[in-house]
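Asks: fold the stuff below for me.
(2 chains, ligands or ions: 2)
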Amino acid sequence: MTSLPGKTDKKLGLVIDLDTCVGCHACVTNCKEWNTGGHMAPLTDLNAYGKGADGVWFNRVHTYEVDDAPGCSRTVHFPKSCLHCETPACVTVCPTGASYKRTSDGIVLVNEDLCIGCKLCSWACPYGAREFDVFEGVMKKCTLCVDRIYNTNLDEVDRVPACVLTCPTGARHFGDLGDPNSDVSQLVAARGGVDLMPELGYKPTNKYLPPRPRRTAAADVGATAELVSAPGGFLGWVDRLLSR
Amino acid sequence: MHPAASIIFFTTASGLGYGLMAWAGILAAFGQMPLHRGLGIGVMVTALVLVSTGLLSSLLHLGRPERAWRALSQWRSSWLSREAVAAILTFIPATVFAGAWIFLDHLSRLAGVFTALGALITVYCTAMIYRSLTPIKQWSNPTTVPVYLALSLMTGATWLHAFLLAFGAGSARTVLITGAVAVISIPAGYTLKRRAWHYDPTPAATIQSATGLGGTDIRSVEWPHTEENFLLKEMGYRVARKHAERLRQIATGAGFIAPLLLLVVTAGRQDWLATAAAILAAIVMAAGITVERWLFFAEAKHTVALYYGR
Ligand code: SF4
Ligand code: SF4
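Replies: Numbering: from 1, shown residues only, chains lettered A, B, ... in the order given. Ligands and ions are numbered 1, 2, ... in the order given. I've put the predicted structure just below:
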């Protein structure tokens, strides 16, 4: 059914820290690695080593230069994957019922056995989170690693999405954003996390933590300044001469 | 958006086919359609062939055409599904209407009414598919549905007029009616299309809201990939402003102005000249509307382009 559930029990999603992300693409790589053997497998690559290489990826990292203060700019790395929106038109436009949003945890998935590859859902997603597999003829997308997070064959610490597990800087967090007391909700509240394109009304579950305010001075390290009194004599004369 | 040939052909051909059968049904309902077998074959077979080839061509666009029947299932939420259901249901009255006309020498008013209704509902559903795509401002605005309906009715009326003259089937009165309908529908269609072309295409979202980053200027300095990916191939299509201007002129000239002049100049006549003019008008208009439809896709900008600094 492509009608949306009125309410989901949980709102599982990601919180991505744009302050911490260093743009290493480890999450991109581990996502591909896990998912090409996972629920939506395979993530087909075409002409992977030649010119015009193309393939399915669920997670992509953009890099921006942001003018955030007069005369100053900073580099921001921006990972983007499905935001598992609360009211996603990608699901409601689907004519076959292949796209659906789960009532239990809010994850948005595609049933590849029903998909006819009309691509309408990819047009309906404002964020460019869905990618078409030309080889298989069906639409693919981030599953929030539904095949990891409930997977009892994995150790409990590993039951998080592959991108979260692998991030070397801890810029990615996973949890229930529907529960105001969860770690991720607290983090969003503390850091002023935001929705992407809120004006389009998709109500994304994933949140982005904006970079922290720019620092204009180094932090105080506790060392006191020691002033040396000006020497006299010949050295004093040389110092005065050179300081002119 | 990538202007896929299969979709451009589908929307143009099915729009024309549905417009044609809608007018045939409406005129029959008002008892204004001549009971002429050749005309029945010409009009209804053309309309059904246009609609069917259009639908088949839209199947070519699918990754898994063999599963297309599944698209009938989600009519509760999906306009694409509703379109598929409406298209199939419309075949029922349209086939009855055509069959009775061609084989039984009978113009069924009831089947005509249902054919016209089904045809217009199908075109409405097609338009709603685009109308409801929030990420594309050129489509998700109040001009889309009126333009689709108006252009379908305009091309249908012009073709019906050409068929009447070509088969020498209509009375002076019928030819006057179809001619008048065609001549009135052209400026109406143009006015609506012009409004759509001038609709403010600035997307609701900005690069600031798309990334959640403040700042006065945000420049994309590195893409996630070095080659064009699915997103750019499908949604990153760009047409140069210069070319778009020229193509709008071509669409205006061929789709509206030329057919209008041809029909107005030969208005009220039923001779070979009027026939030739009507046929020419129908063909030139179809070509012009194909250009219009190409632009409808090519000029549409998706919010995903924001992430690529486009
Ligand atoms: S990010 Fe796109 S694909 Fe994911 S749920 Fe939202 S609209 Fe759908
Ligand atoms: S491409 Fe597949 S999942 Fe997407 S709308 Fe079409 S049928 Fe549904």
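
Asks: from here on, contacts and neighbour counts on C-alpha atoms
Replies: Will do.

Asks: could you check how far the residue lying closest to residue B:302 once chain neighbours are set aside is from residue B:169?
Replies: Distance criterion CA to CA, 6 or more residues apart in numbering or on different chains; nearest residue to residue B:302, sequence neighbours excluded, is residue B:136 at 4.8 Å. Using CA to CA, to the nearest Å, residue B:136 is found at 45 Å from residue B:169.

Asks: list phi and psi for the most centrally placed residue in chain A.
Replies: Here the mean C-alpha position of chain A is nearest to the C-alpha of residue A:79 (CA atoms, centre = their mean), at a distance of 4.1 Å. Main-chain torsions, residue A:79, degrees, to the nearest 10: phi -80, psi 140.

Asks: need the pLDDT of it.
Replies: Among the per-residue scores, residue A:79 shows a pLDDT of 98.

Asks: so who does it touch?
Replies: Residue A:79 is in contact with A:16, A:23, A:59-62, counting by CA atoms under 8 Å, 6 or more residues apart in numbering or on different chains.

Asks: just the residues you listed that are near chain B?
Replies: The subset of the contacts of residue A:79 within reach of chain B, by CA under 8 Å from any CA of the partner chain, is A:60-62.

Asks: sorry, back to before: looking at residue B:136 and residue B:169, which has the bigger crowd around it?
Replies: Higher neighbour count among residue B:136 and residue B:169: residue B:136, with 26 against 19, using other CA atoms under 10 Å in any protein chain shown.

Asks: how about stretch B:63-70: buried residues?
Replies: B:63-65, B:67-68, B:70 (16 or more other CA atoms under 10 Å in any protein chain shown).

Asks: kindly indicate which of those lies nearest residue B:291.
Replies: Among the buried residues of stretch B:63-70, residue B:63 lies closest to residue B:291 (CA to CA), at 25.6 Å.

Asks: thought that closest one was touching residue A:114?
Replies: No: Residue B:63 lies out of contact with residue A:114 (CA atoms under 8 Å); the separation is 11.6 Å.

Asks: can you list residues touching both of the two?
Replies: When CA under 8 Å, 6+ apart defines a contact, no residue borders residue B:63 and residue A:114 alike.

Asks: hey, where'd the helices end up in chain B?
Replies: B:5-29, B:37-40, B:46-60, B:79-103, B:109-131, B:144-166, B:172-197, B:207-211, B:230-235, B:241-252, B:258-265, B:272-298, B:304-307 (DSSP state H).

Asks: got it, and chain A?
Replies: Under DSSP H, chain A gives helices at A:26-35, A:89-92, A:120-124, A:146-149, A:162-166, A:183-191, A:233-243.

Asks: and the residue of chain B nearest ligand 1?
Replies: Residue nearest to ligand 1 within chain B: residue B:135 (9.7 Å; CA to the nearest ligand atom).

Asks: which residues sit in contact with that residue?
Replies: Neighbouring residues of residue B:135 by CA under 8 Å, 6+ apart: A:123-126, A:200, B:203, B:302-303.

Asks: next one: residue A:69
Replies: Contacts of residue A:69 (CA under 8 Å, 6+ apart): residue B:215.

Asks: and the pLDDT at the residue nearest to residue B:117 when sequence neighbours are not counted?
Replies: With sequence-adjacent residues excluded and distances taken as CA to CA, 6+ apart, residue B:117 is closest to residue B:22, at 7.2 Å. You'll see residue B:22 listed with a pLDDT of 98.

Asks: need the helices of chain A in TSV with mean pLDDT, mean neighbour count and distance to ligand 2, can you?
Replies: Converted to TSV, those look like this (pLDDT from 0 to 100; neighbours: other CA atoms under 10 Å in any protein chain shown; distance: least, CA to the nearest ligand atom, whole Å):
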stretch	mean pLDDT	mean neighbour count	distance to ligand 2
helix A:26-35	97	20	18
helix A:89-92	97	26	7
helix A:120-124	98	25	4
helix A:146-149	97	18	17
helix A:162-166	97	22	23
helix A:183-191	98	16	29
helix A:233-243	83	10	72
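
Asks: as a markdown table, those helices with distance to residue A:107 would be great.
Replies: Below are the helices of chain A laid out as a markdown table (distance: least, CA to CA, whole Å):
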| stretch | distance to residue A:107 |
| --- | --- |
| helix A:26-35 | 16 |
| helix A:89-92 | 11 |
| helix A:120-124 | 15 |
| helix A:146-149 | 8 |
| helix A:162-166 | 15 |
| helix A:183-191 | 16 |
| helix A:233-243 | 68 |
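
Asks: out of those helices, nearest to residue B:78?
Replies: Here helix A:89-92 is closest among those (CA to CA), at 5.7 Å.

Asks: can the closest one be said to contact chain B?
Replies: Yes: contact of helix A:89-92 with chain B (CA under 8 Å from any CA) involves A:89, A:92.

Asks: does ligand 1 sit close to that helix?
Replies: Yes: Helix A:89-92 comes into contact with ligand 1 (CA under 6 Å from any ligand atom), by way of A:89-90.

Asks: what is the lowest-mean-pLDDT helix or strand in chain A packed up against?
Replies: Lowest by mean pLDDT, DSSP states H and E among the helices and strands of chain A is helix A:233-243, with a mean of 83. The helices and strands touching helix A:233-243, judged by 3 or more CA pairs under 8 Å, 6 or more residues apart in numbering or on different chains; DSSP states H and E, number zero.

Asks: off-centre distance for it?
Replies: Between the centre of helix A:233-243 and the centre of its chain there are 59 Å (CA atoms, centre = their mean, to the nearest Å).
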